[in-house]
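A.B. asks: got a structure for you, letters missing:
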């Protein structure tokens, strides 16, 4: 039994990349089965609307499943092996973990997610739900409305769209299918497979699941990362259950180099400590990749300072609109901006910034050129305009 462990930063990065399926091995297998394995191991795949290159959920799976094609995710959704709900953002989650989303659904019966409570919204929610109950799956476009409602930076377009979102967050409806970003909603009872456990987990069980899932997916994490975006009583329960898991030996406290705060890992992650990940293939990651999303963790573990600048004014951007981190071995070696010009069947490299020490590295440049070719094919482009890479 492990009670404490000491590892260096390189070992920590290797553990994290192995857990994420980004260490060069095909940890999840291939095909549709490999796609499901990846989602079930990682816990979620974030959905995003930006499409200058292939969307985030497909990009993230392509980074881990060698022969991934977007049809497999659509098929898994249609087969009810995955479902859409909220992780830290809209995401595809494993259907087998459905009950772990029930506490969040219950919380949105007491408060709204993106809306202010109002009699008008509640009336529309009742009307929308009644129509779905009687007519079957419906889309936002199936409801006629001229009202435009703006909440902060989010434009819902009409009250019915807002109502559908709140009903979805409450768990009254689920996304039954989607065509692009047109979602069709049906009653949760009609979407869930009959064999899915629908019992509400207790607070301790929910916290234990979150801790275990995070450490399984990330290899190791500090305490603030285990309660990412959780606060109040939920955060307090996570802290308490983490201490309990360490005391029982189910979780190990890990000293990483001279980091002044302990990280935590599952004991099996430390049984066969990997060597540092050799820099062979480069990997272009999505800004919404599971490895990237916690920026503080990215800094202490990889010494990589990254921010998605899409939502910043152009004058305040250091790099570009939708910049993709490039992983090589256990380090981030560059960041690039690309655009899929699908009508021309061309992937245009529109921005390229090397991290210190990598610009003159011929092996990295060769690896980057190779992954750009693969990335172009994934984006349904036959060639790469990589003039920027040829300079220097």
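C.D. replies: Received the coordinates, thanks. This is a predicted model, so every value here is computed, not measured. Residues are numbered from 1 along each chain as shown.
A.B. asks: Quick one: list the elements packing against the longest strand anywhere in the chain.
C.D. replies: Taking DSSP state E as the criterion, the chain has its longest strand at strand 331-341. Judged by 3 or more Cβ pairs under 8 Å, 6 or more residues apart in numbering; DSSP states H and E, the packing partners of strand 331-341 are strand 323-328, strand 346-354, helix 362-378. Using the backbone N, CA and C atoms, a C-beta is placed for each residue, glycine as well.
A.B. asks: Determine which stretch of the ones you listed is the most buried.
C.D. replies: For the helices and strands packed on strand 331-341, the largest average neighbour count (mean count of other Cβ atoms under 10 Å) is found in strand 323-328, namely a mean of 24.
A.B. asks: Flag the helix or strand of the chain with the lowest per-element mean pLDDT.
C.D. replies: In the chain, the helix or strand scored least confidently by mean pLDDT, DSSP states H and E is strand 154-155, which has a mean of 49.
A.B. asks: Name the next helix or strand following that strand along the chain.
C.D. replies: helix 159-170 (DSSP states H and E).
A.B. asks: And that next one, how far out from the chain middle?
C.D. replies: Centre-to-centre, helix 159-170 and its host chain are 22 Å apart (Cα atoms, centre = their mean, to the nearest Å).
A.B. asks: what mean pLDDT does it have?
C.D. replies: For helix 159-170, the mean per-residue pLDDT is 94.
A.B. asks: Over to stretch 358-369?
C.D. replies: Taken as a whole, stretch 358-369 has a mean pLDDT of 96.
A.B. asks: got a list of what residue 284 touches?
C.D. replies: The contact partners of residue 284, by Cβ atoms under 8 Å, 6 or more residues apart in numbering, come to 63, 324, 325, 326, 336, 371, 372, 375.
A.B. asks: partner residues bridging the fifth one?
C.D. replies: Going by DSSP bridges, residue 336 is paired in beta bridges with residue 324, residue 352.
A.B. asks: residues contacting it?
C.D. replies: Applying Cβ under 8 Å, 6+ apart, the residues contacting residue 336 are 284, 323, 324, 326, 349, 351, 352, 353.
A.B. asks: burial count for residue 260?
C.D. replies: Residue neighbour count, defined by other Cβ atoms under 10 Å, stands at 6 for residue 260.
A.B. asks: Now do the SS call for it.
C.D. replies: For residue 260, the secondary structure call by DSSP: H, G, I helix; E, B strand; the rest coil comes out as coil.
A.B. asks: Below-threshold pLDDT in the stretch 51-200 of the chain: ranges please.
C.D. replies: Within the stretch 51-200 of the chain, the segments meeting pLDDT under 70 span 145-157.
A.B. asks: and if we set it to 80?
C.D. replies: 114-116, 144-157, 180 (pLDDT under 80).
A.B. asks: on that earlier part again, averaged pLDDT, the longest strand of the chain. What do you get?
C.D. replies: On average, strand 331-341 scores 97.
A.B. asks: Please apply the same query to stretch 268-278.
C.D. replies: 85.
A.B. asks: Same check on stretch 215-234?
C.D. replies: In this model, stretch 215-234 has an average pLDDT of 93.
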